[in-house]
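**Q** Need a 3D model of the following:
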Amino acid sequence: MLVPGSGMHNRHYLIGDSGSQADFVFTCLAQDFLAAGLAVLRFDGRGVKGHLRDKALDNPEYLFNRELAYQRLLIDAAVRQTVTPQSQCDDLYTLCRYALDLPHIDRHNLILLGHSEGAINLSRLVARYPIAAKALMLVSPTSPP
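**A** Below you'll find the predicted structure:
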């Protein structure tokens, strides 16, 4: 399971600014994990329906205010207001339980990877709920040198 950091992220986790597909960190990781024969669970954050490079934002009317268009078209503000540290932890637990109940998932090989606030949320998850993960990868945010 791939858990993004803070912010309004969807399953692709757009955090780069190179303009390439490599900026979609969880998409790239998922492709690599799938190629290695692993199942991958990614998810959209509560109230998030897209990312800043979404094709819906390519209309000429959004040319000068893409950020505002993103907020209006792809973010459900009412749902986003329900996001708390506890709701994030509860959502992760629900997703874990869902994934582990799927018949083709090996429940003894659960790997959790969280980046930045996602790492904090995974730490909360394993501390509060009976999650038996084979591996817990907590990745801190990067900063320029």
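
**Q** Spell out, range by range, the strands that occur in the protein.
**A** Along the chain, counting by DSSP state E, strands occupy 2-3, 111-115, 135-139.

**Q** Point out the most buried one among these.
**A** Compared across the strands of the chain, strand 2-3 shows the largest average neighbour count, a mean of 26 (mean count of other C-beta atoms under 10 Å). The way it works is simple: take the backbone N, C-alpha and C, and place the C-beta from them, glycine included.

**Q** Tell me which helix or strand in the chain has the weakest average pLDDT.
**A** When the helices and strands of the chain are scored by mean pLDDT, DSSP states H and E, helix 66-74 comes last with a mean of 85.

**Q** can you list the strands of the chain in JSON lines and add distance to F64 and mean pLDDT?
**A** Below are these laid out as JSON lines (distance: least, C-beta to C-beta, whole Å; pLDDT from 0 to 100):
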{"stretch": "strand 2-3", "distance to F64": "33", "mean pLDDT": "96"}
{"stretch": "strand 111-115", "distance to F64": "31", "mean pLDDT": "94"}
{"stretch": "strand 135-139", "distance to F64": "35", "mean pLDDT": "93"}
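
**Q** Same list (the ones you listed) but as a markdown table, adding distance to R80.
**A** Output for the strands of the chain, formatted as a markdown table (distance: least, C-beta to C-beta, whole Å):
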| stretch | distance to R80 |
| --- | --- |
| strand 2-3 | 17 |
| strand 111-115 | 20 |
| strand 135-139 | 24 |
